[in-house]
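Q: got a predicted structure here, sequence first:
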Amino acid sequence: MDSRMTKTPLQKNHDNVDQDQFLTILTREDALARFEAALFPRPVPSEQRSLGDALGCALAEDIVAPIDVPPFDRSNVDGFAVRSADLALAGEAAPVRMMLNDEVIACGTQPVRPVLSGTATSIATGGPVPRGADAIVMVEHTQPAGFRAIEIRRAASPGQYVSYAGSDISRGEALLRAGTMIGSREIGMLAACGIAQVSVARRPCVAILSTGDELVQPGASLRPAAIFDTNGAIVTAAITENGGEAAFLGAVPDDEQQLEAAMRQALQTSDMLVLSGGTSKGAGDVSHRIIARLGKPGIIAHGVALKPGKPLCLAVCDGKPVVILPGFPTSAMFTFHDMIVPMLRRMAGLPPRSDARVTAKIPVRIASEIGRTEFVMVSLVEGSDGLIAYPTGKGSGAITSFAQADGFLRIDALADQMPAGAEAEVTLFTPHVRVPDLVIVGSHCTGLDLVTAQLSHAGLSVRSIAVGSLGGLAAAKRGECDFAPIHLFDEQTERYNAPFLSPGLELVPGWRRMQGIVFRKGNTRFEGLSAEAAVRAALADPACIMVNRNQGAGTRILIDRLLGEARPDGYWNQPRSHNAVAAAVAQHRADWGMTIAPVAHASGLGFIPFAEEHYDFALVTARKQRPAVQAFLEALASDKSREALAQAGFRPA
Ligand code: AMP
Ligand code: MG
C-alpha cells in the first residue's frame, strides 16, 4: 500500500463525488508539493513606492548604486589638507612649517585652490579634499606659526583621515537584492544614493475570516459557552509580519449560505483567503464544502498527516489560494507558520524566513506518533552550551501554552520519538530569540506572578514553565532552570518539600496556600460546616456532584484523605488545575471540589479552609549567584511581595 495515502473510514458522509480528496490524508510533504504546483510559478506584481512609504516592503528588483558614496574624497576630521610627502621628515624635534592657502573648505564648499608643496588648506570634517592634497592633519596636531602659517611635528601617512569616493558604496555595485525586506538600514542606503522611489513587491491582499457560532470578538462580552475569536487576531498579525496586507473580516457563523456569501465577497477584493475552523467533520463544519464551488481547481488537500492540524484544507480557486486552518489556535498557528507562511512570503516577493529559525537541544525525550508530522511547542532557555528547547503544552489545544512558547519544532512523520539530547530546528513565532534572565520550571501559582512582577519592572525577563512539581524538580536536577517551585507532601515524614531535595538543590521558603472546599455561595448544604462535615454532607446526597483533581496533584492527596473509600459522582472528573476546579463549580457542572483560597475567592465562590500547603522553591545552588536569581530572592523577601501575597490570600513563609 502506498503509505502516503490512507483511507479514513470516518470521511464518507459526503455525497458530493467531486470532492474525492476528502477521502485521503496526504503527508505534509505531499500536501505542500501539490499546493506549490497549483500556485507557482506566478509573477510577483510590483509597484513604485516612495522611500518614506517603503518600510517593510520587499524590493522587487536588484538595485545598483547609481553614484559613489561618498561622492568625493572627504575629510574625516577638522584639520588641514596637505601633501604627505611634505611631512616625511617631520617629528617632535623637526617641525615643518606650512603656508596656509587662502581658502577654508567648509562642508558643502567646493575647493578652488590646489594644495601645492609646502602649503596646507584648512578643511572641516566632511569637506572635499582639494586637488594636490593626499592626507589630512588633525587640527590638534598643528600649531599656529605666525601669519598664515602652521607648524606640524609629526609625519602624515598618505590617505590619512580621508574617506575616498565610493569607499562606502561604489557606483555600479549591487546595493540591494530583490527580495530584501526594506528596514531603516536599507532606507538609509537608498537615501545615501539619492534614490527616492523604489519598485517593491505589491503586498498580497489577504482576507481573513473566522468561522464558528461560538466566536465573540475581543471587546464584546462573552456569553455562556462562547469563546473569544483568537485565530482572527493571530492570523491577521502573522500575515502582516510576513509581507501580506491583511484584512480581517470578522467571524461568520457556521451557516453555509452566510459563509459562502462572505467567502465570495472576500475573494473579490483579495489575492488570498485564510479561514479558520469548520474544517473537521463536526456538525456545522461547512467551509470546505463551499470551496468546491468557488473556482478551479478547488481543494488540493483536505486532511494532512499532521499532529495537531490534521483538518488543514488547502485550495486554489481561480488562481487564488484559499486556506482553511484548523480551529484550535495552536493547530492554526503550527500549520500557518509551517505551511502557509513560506507560500505567502513567496507571493509577497520575500525570501524564506531564515531569521525565524534556531537550533536548540531537546532536554527530554519526546514521544511521537508514527505516520504524522508532529508539531511541538517549545520554550527556549539558555543552557551551558547553547539553547535548550523545552516542550510545553504538548498535545494541548489551548492558547495558554503560547504564552510560554517561543516557537515550535517538527518531528518527522517516520520518527516515533525525538531522543533527549537531540538537536532540533525551532521555528520561532517572532524573529527574535528571547532568552530569559530567570527560568522557573515547576508548579505554577498565581502568587509567583506577584513576586516576578518586581523583576519585570526592573527590566529582567522571567520565563515560567508550568510542568508540575515533579517535572520542575527533574529540570532543576538537570540544571535547566534557576529554581523549581514545588508543593510536594511526603506522607512518611509528613513534611512538605524538603524531603524531595537532592544534592545540588536547596530549599527557599515561599508561601502557604490554604486548600479547602469550594462551593457556590448560598448552597446551604455546605454553609457553615467544617471540611469534613461538608464532605459528609455531600456524600449523603447522591445528586451532589464533585470535581476531583488529577493523580499526583498535592490537592488530590487531600481530597482522597477526606473521601476515604467513597467514590461519589464526579470523582472521575479530574482536571489539572485549581482554576478548572473553580470553573466547574461556578458553572454548575459540579457542586464542590477542592482548590486554593485565592482561586476560590477570585471566582466568587464559598470556601471552607482545610489544610495549608507549602509552596516553596528548590533552588539550583550552582545558579544562586546569578544576578537574576539574587533579584528574585530579594523580591521574594521584600515587603512589597509579602503584602501583595497576603492581599491575594497567600501566607508568606
Ligand atoms: P472547528 O475546527 O471549527 O471544529 O474548531 C475546533 C476548535 O477550535 C473548537 O473548540 C473551536 O471553538 C475552536 N476555534 C475555532 N475557531 C476559533 C477561533 N477563531 N478562535 C479560537 N478558537 C477557535
Ligand atoms: Mg467551528
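A: That came through, no problem. Numbering: from 1, shown residues only. Ligands and ions are numbered 1, 2, ... in the order given.
Q: in the stretch 501-650 of the chain, what residue comes closest to ligand 2?
A: Going by CB to the ion, ligand 2 is nearest to Gln587 of the stretch 501-650 of the chain, at 20.8 Å. Placement of C-beta: from N, CA and C, glycine included.
Q: distance of that residue relative to Ser603?
A: When distances are taken as CB to CB, to the nearest Å, Gln587 and Ser603 turn out to be 10 Å apart.
Q: ok, now Leu448?
A: Here the criterion is CB to CB. By it, Leu448 lies 19 Å from Ser603.
Q: ok, Pro627 - how many residues close by?
A: Counted with other CB atoms under 10 Å, the neighbours of Pro627 add up to 10.
Q: just Ala466 next, same as before
A: Around Ala466 there are 22 other residues, counting by other CB under 10 Å.
Q: circling back: so which of Gln587 and Ser603 has more stuff around it?
A: Set Gln587 next to Ser603 and count neighbours by other CB under 10 Å: Ser603 wins out with 19 against 12.
Q: what's the spacing between Met103 and Pro363?
A: Just so we're on the same page, residue 103 is Glu rather than Met. For Glu103, the distance to Pro363 (CB to CB) stands at 70 Å.
Q: ignore the last one, Pro111
A: When distances are taken as CB to CB, Pro111 and Pro363 turn out to be 66 Å apart.
Q: wait, Gly504 touches Ala622, no?
A: Yes. Taking CB atoms under 8 Å as the definition, Gly504 is a contact partner of Ala622 at 6.7 Å.
Q: what is in contact with those two at once?
A: Common neighbours of Gly504 and Ala622 (criterion: CB atoms under 8 Å, 6 or more residues apart in numbering): Gly479.
Q: give me the below-cutoff pLDDT ranges for the stretch 201-350 of the chain.
A: Low-confidence regions of the stretch 201-350 of the chain, defined by pLDDT under 70, span residues 281-284.
Q: convert stretch 467-483 to CSV, retaining C-alpha atoms only.
A: Extracted C-alpha coordinates of stretch 467-483, given in CSV (Å, rounded to 0.1, in the frame of the first residue of the first chain):
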residue,chain,number,x,y,z
VAL,A,467,5.3,21.3,34.2
GLY,A,468,4.2,20.4,37.8
SER,A,469,6.3,19.9,40.9
LEU,A,470,8.0,16.7,39.8
GLY,A,471,8.8,17.9,36.3
GLY,A,472,10.3,21.0,37.9
LEU,A,473,12.5,19.0,40.3
ALA,A,474,13.8,16.9,37.3
ALA,A,475,14.6,20.1,35.4
ALA,A,476,16.4,21.6,38.4
LYS,A,477,18.4,18.4,38.8
ARG,A,478,19.5,18.7,35.2
GLY,A,479,20.4,22.4,35.8
GLU,A,480,18.0,23.7,33.2
CYS,A,481,16.3,26.2,35.4
ASP,A,482,17.2,28.6,38.2
PHE,A,483,14.7,27.1,40.5
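Q: what are the contacting residues of it?
A: Identification of contacts with stretch 467-483 by CB under 8 Å, 6+ apart yields 363, 381, 383-384, 388, 390, 392, 438-443, 465, 484-488, 500, 502, 504-505, 508, 552, 554, 617-620, 622-623, 626, 628-629, 632.
Q: show me how far it is from its chain's centre.
A: Averaged C-alpha coordinates place stretch 467-483 at 23 Å from its chain's average position (CA atoms, centre = their mean, to the nearest Å).
Q: looking at that stretch now, give me its mean pLDDT.
A: The average pLDDT for stretch 467-483 rounds to 87.
Q: give me the buried subset of the contacts of stretch 467-483.
A: The neighbour count (16 or more other CB atoms under 10 Å) marks 363, 381, 383, 388, 390, 392, 438-443, 465, 484-488, 500, 505, 508, 554, 617-620, 623, 628-629, 632 as buried among the contacts of stretch 467-483.
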